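J.: okay, structure incoming, though there's no sequence with it:
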């Protein structure tokens, strides 16, 4: 046998690994093989396939093996009876705070699963350069839910909360942030910056400019996630919008929070949508909800959405404080609020599955129930009847239905105890 050089061996190994990541290999099922798990009898709602119909889902080796009208009972090692329930891809939360112990506001991602049906989460700036390695080693590596992150432009991230992380602009080190992006491309999406006056004080556009510079220095197309809500001046809001690039994420897009002088300086001012907001939307800036405990206002959304600034993604901004706020920003509840704003069930599910999946663009086929995708499934109940919702400024709106999580499956394994168990896992 001809000996391989070290260089040849490494080249072959790298090629094999690349093939494995691009197209996971699935062995064909024989007539006597069984699915590890079958979710049967539910109404499958998968926007990625424009599918809404009664289907059975067969999962094998942690992946979706088949979606078909009926799978024989004897072909399943375990089954979940989802009759009368909605079966959809596992939800993706583009903005949450899931760095417990390293951030002052973080919740363990796995503790959110039964309440949010989230199989993929994004840590929205919890960590900066100084504590990013600990997020990766001690949190991401030990969490069953799939996790990605935006790194904060401030070196210490949100660890100093509630102290403002950017009152001292010297903690925003562009080169260090760019290095972190370059070294962690596999799980970082880009840079987070909070642009509220009570966070950046009088630094104007400088924190955002440093974030964009870090994205452009790192060697790959990193995105910005830009938090708004109570920016210093009305003019500054338009300037922020003008700097955002296609693919950057404007989070808290429908915030009604005032600045430190109690002036409303967000994308709707004096009852009108800012032209800069519509221009940003039209050139491809992503409008993300990021509800949280203080960042969603029905009256802002009711002006911005008819004006052309519809949401691209629905996210929770869930953390230890917002989870106990009157707006109840668990992701299915936030999705339900947008149904009373005129969006269909299919649309709100897409905004929490296929849309954020495109932004993340790391794992093959997340946010979908296509064959070959990870076995990430959210089983929910659409509870019909009068329901009242409140935003973060105590505005109330009435609806006719809301989404209630029932059971979540991650990589083919039912997660923990069901939120409510009207069926048995056999």
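T.: Everything's here; your move. Given the structure is predicted, the values throughout are model-derived calculations rather than measurements.
J.: ranges for the helices of the stretch 151-300 of the chain?
T.: Under the criterion DSSP state H, counting those that start in this stretch, the stretch 151-300 of the chain contains helices at 174-183, 197-200, 206-217, 234-243, 275-282, 298-304.
J.: contacts for the shortest one, please.
T.: This means helix 197-200. Helix 197-200 is contacted from outside by 164-167, 169, 194, 206-207, 227, 230-232, 259-260, using CB atoms under 8 Å, 6 or more residues apart in numbering. From N, CA and C alone the C-beta is placed, and that goes for glycine too.
J.: from those residues, which would you call buried?
T.: Buried members of the contacts of helix 197-200, scored by 16 or more other CB atoms under 10 Å, are 164-166, 169, 194, 207, 227, 230-232, 259.
J.: which one of those residues sits closest to residue 374?
T.: Using CB to CB, residue 227 is the member of the buried ones among the contacts of helix 197-200 that lies nearest residue 374, at 29.5 Å.
J.: chain neighbours aside, what residue packs nearest to the closest one?
T.: residue 194 (4.1 Å; CB to CB, 6 or more residues apart in numbering).
J.: and the helices of the stretch 151-300 of the chain: which comes nearest residue 61?
T.: Residue 61 lies closest to helix 174-183 among those, at 31.6 Å (CB to CB).
J.: in which helix or strand does residue 307 reside?
T.: Using DSSP states H and E, residue 307 sits in no helix or strand.
J.: pipe the contacts of helix 197-200 into TSV and attach pLDDT and distance to residue 286 per row.
T.: TSV is the format used below for the contacts of helix 197-200 (pLDDT from 0 to 100; distance: CB to CB, whole Å):
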residue	pLDDT	distance to residue 286
164	91	25
165	94	23
166	95	22
167	94	28
169	96	26
194	97	17
206	98	23
207	98	19
227	98	13
230	96	21
231	97	19
232	97	23
259	97	24
260	96	27
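J.: tell me the one of those nearest residue 391?
T.: Using CB to CB, the contacts of helix 197-200 come closest to residue 391 at residue 230, 15.4 Å.
J.: test my guess that that closest one contacts residue 257.
T.: Yes - Residue 230 is in contact with residue 257 according to CB atoms under 8 Å; the separation is 4.4 Å.
J.: what do the two both touch?
T.: Joint contacts of residue 230 and residue 257 (CB under 8 Å, 6+ apart) are 196, 266.
J.: low-confidence stretches in the stretch 201-350 of the chain?
T.: Scanning the stretch 201-350 of the chain for pLDDT under 70 picks out no residues.
J.: from residue 251, how far out is the residue nearest to residue 227?
T.: In this view, residue 194 and residue 251 are 9 Å apart by CB to CB, to the nearest Å.
J.: over to residue 315?
T.: 7 Å.
J.: please apply the same query to residue 181.
T.: From residue 181 to residue 251 the distance is 18 Å (CB to CB).
J.: which stretches in the stretch 301-426 of the chain count as strands?
T.: Along the stretch 301-426 of the chain, the segments classed as strands by DSSP state E, counting those that start in this stretch run 377-390, 396-410, 413-414.
J.: could I get the buried residue list for the first one?
T.: For strand 377-390, burial by neighbour count (16+ other CB under 10 Å) applies to 377-382, 387, 389-390.
J.: what do you get for the longest one?
T.: Of the residues in strand 396-410, 399, 401-410 count as buried by neighbour count, 16+ other CB under 10 Å.
J.: JSON lines please, covering the residues you listed and showing pLDDT.
T.: Converted to JSON lines, the buried residues of strand 396-410 look like this (pLDDT from 0 to 100):
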{"residue": "399", "pLDDT": "96"}
{"residue": "401", "pLDDT": "97"}
{"residue": "402", "pLDDT": "97"}
{"residue": "403", "pLDDT": "97"}
{"residue": "404", "pLDDT": "96"}
{"residue": "405", "pLDDT": "96"}
{"residue": "406", "pLDDT": "95"}
{"residue": "407", "pLDDT": "95"}
{"residue": "408", "pLDDT": "97"}
{"residue": "409", "pLDDT": "97"}
{"residue": "410", "pLDDT": "96"}
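J.: ok, the residues you listed vs residue 364, which is closest?
T.: residue 410 (15.9 Å).
J.: next, count neighbours for the nearest residue to the closest one once chain neighbours are set aside.
T.: Distances taken as CB to CB, 6+ apart put residue 119 closest to residue 410, at 4.9 Å, once the chain neighbours are dropped. Residues near residue 119, counting by other CB atoms under 10 Å, number 28.
J.: could you tell me which residues touch both of residue 194 and residue 251?
T.: residue 227.
J.: quick one: the residue nearest to residue 338 when sequence neighbours are not counted and residue 185, what's the gap?
T.: In space, and not counting its chain neighbours, residue 338 is closest to residue 348: 5.0 Å by CB to CB, 6+ apart. Distance check for residue 348 against residue 185: by CB to CB, it reads 31 Å.
J.: looking at these two, which is more packed in?
T.: Neighbour totals were compared for residue 348 and residue 185, and residue 348 leads with 22 against 13 (other CB under 10 Å).
J.: before we move on, back to that, mind listing the shared neighbours of residue 315 and residue 251?
T.: With CB under 8 Å, 6+ apart as the test, residue 315 and residue 251 both reach 94-95, 288-290.
J.: mind putting those residues into a markdown table with neighbour count and distance to residue 50?
T.: Output for these, formatted as a markdown table (neighbours: other CB atoms under 10 Å; distance: CB to CB, whole Å):
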| residue | neighbour count | distance to residue 50 |
| --- | --- | --- |
| 94 | 32 | 22 |
| 95 | 31 | 26 |
| 288 | 28 | 24 |
| 289 | 30 | 23 |
| 290 | 32 | 27 |
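J.: on that earlier part again, list the contacts of the residue nearest to residue 338.
T.: Counting by CB under 8 Å, 6+ apart, residue 348 makes contact with 314, 335-336, 338-339.
J.: top of those residues by neighbour count?
T.: residue 314 (31 neighbours).
J.: that residue touches residue 335, doesn't it?
T.: Yes - between residue 314 and residue 335 a contact is recorded at 5.4 Å, counting by CB under 8 Å.
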